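Colleague: Got a predicted model here, sequence first, then my questions.
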Amino acid sequence: MKGNKTLELSSNDIQITKGLAILTMLFLHLFCGVSGKGFMGTPILLLPNGTPFLYYIGWLCAICAPLFCACNGYAHYKQGEIGGLTRKKVFKRYLKFMSCFALSVLVVSVFGLICGGAIPGSLSNFILNLLALDYTYTSIWWYAWFYVCYVMLSPVFFKWINRVSLKWILLFVLVQFFIVEGLHKKIPEMLAGSLYFKLYDHLYYLFGARMLCYTAGMLLAKYSIFTIFKSKMMHNSVMTSNLGLIVSVVLASFLLCILKKGILLIFFAPIVFVWFNLLYKCKWVNVSFEWLGKQSLYIWLLHPFICYSTFPFLRNWLLSFKYSFLIILVLIFSCSIISVILNSISNLLIKQIQKI
């Protein structure tokens, strides 16, 4: 096992993990439909029950958002340790994200005006989406609302994690998780069509599984979990360590697929976060995932407009590649090209923000 001066995760490690998170998101959105329904493309491998093998992979990939939450929690805690959570730095972080997000909203809105459809809709609808206060363009933009709020609240979480004992933190996040996720089975039905539904929806995405995984990321950073594990793994060979890690996560995944309890995936996500960062990966794997991580923001924001029915001709174009493995490759490639272009534009905006 190669040595590491700090043994904790660097910003590059977090970027690499975001590469894994965005890949799981694409698999989830392409291949996870109930009993294979909604499965995009012709599957290569069918299980004896007639369900595509990739459906189960897609189902396990529901850890995508929790993985992003854990990445953010870990990164924010490390930033807090070096004084990176001052009001000015937090506000700059907010502006950086919003400049990228607003650029995506503008691109999608212009595309919608040209191609027709429900986007951009009314002026108020456009403004609410532009400010990440609503997510009517695509439901998966809820994470923008979560991210903005947690960036602004990161100094509060940092102080809370450092001042409150571990047992009370764990008790609070677990209790709020089960309460929030339990109520979520009933409240949406009760508030359907009500003016209060959107308020509830926004509050829901700030608590429950999101808070649990964000807090888990912070705790992993505070208690130097990676230093503890890596120190012990240094006594083993790379092959032995990797074999143990791979076998353990494969067995856990198999058990989850048998149990088929989505709530367990929330607890599986922090485990995968730790597992992936303990796994020794060759250079080309790290480089590939790091590149994906750097493009992950725009891939996340824009891929639903290609693979969902917002713009039917784009979805039909994607489906024309027929086979599932080709569809995922084409989606990654097409989103990456758009991401590179938008990143070059947003980098100019970010340079101006850095001067503030």
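Modeller: Nice, I can see it. Since this is a predicted model, take the numbers as computed values, not measurements.

Colleague: In terms of secondary structure, what does the helix or strand hosting N343 contact?
Modeller: Element membership of N343, judged by DSSP states H and E, is helix 324-354. Here helix 324-354 touches helix 11-31, helix 87-115, helix 283-302, helix 304-307, helix 312-319, going by 3 or more Cβ pairs under 8 Å, 6 or more residues apart in numbering; DSSP states H and E. C-beta: built from backbone N, CA, C; applies to glycine.

Colleague: Give me the buried positions along it.
Modeller: 324, 327-328, 330-332, 334-336, 338-339, 342-343, 346, 349-350, 353 (16 or more other Cβ atoms under 10 Å).

Colleague: same deal with stretch 182-200?
Modeller: Neighbour-count burial for stretch 182-200 [16+ other Cβ under 10 Å]: 187, 200.

Colleague: what comes into contact with that stretch?
Modeller: With contacts defined as Cβ atoms under 8 Å, 6 or more residues apart in numbering, stretch 182-200 is touched by 134, 201, 204, 208.

Colleague: In helices, which of the residues you listed appear?
Modeller: 201, 204 (DSSP state H).

Colleague: Among the contacts of stretch 182-200, find me the one that's closest to K294.
Modeller: Closest approach between these and K294, by Cβ to Cβ: D134, at 27.5 Å.

Colleague: Let me see the mean pLDDT of the helix holding N343.
Modeller: If you average the pLDDT over helix 324-354, you get 89.

Colleague: try stretch 52-60
Modeller: 89.

Colleague: which residues are contacting it?
Modeller: Applying Cβ under 8 Å, 6+ apart, the contact partners of stretch 52-60 are 24, 27-28, 30-33, 35-36, 39, 43-47, 253, 256-257, 260, 265, 268, 324.

Colleague: what comes up buried for it?
Modeller: So for stretch 52-60, counting by 16+ other Cβ under 10 Å, buried means 52, 54-60.

Colleague: So the residue of the chain positioned farthest from its centre: helix, strand or coil?
Modeller: Distance from the C-alpha centroid of the chain peaks at H235, with 33.0 Å (Cα atoms, centre = their mean). Here H235 is recorded as coil under DSSP: H, G, I helix; E, B strand; the rest coil.

Colleague: still on that earlier bit, lowest-confidence one in the contacts of stretch 182-200?
Modeller: Where pLDDT dips furthest among the contacts of stretch 182-200: D201, at 83.

Colleague: what number of residues lie near that residue?
Modeller: The number of residues packed near D201 is 18, by other Cβ atoms under 10 Å.

Colleague: ok, now Y74?
Modeller: 28.

Colleague: pLDDT below threshold where in the protein?
Modeller: 1-5, 33-39, 356 (pLDDT under 70).

Colleague: can you do 80?
Modeller: Scanning the chain for pLDDT under 80 picks out the ranges 1-6, 33-44, 50, 117, 192-195, 235-236, 309, 350-356.
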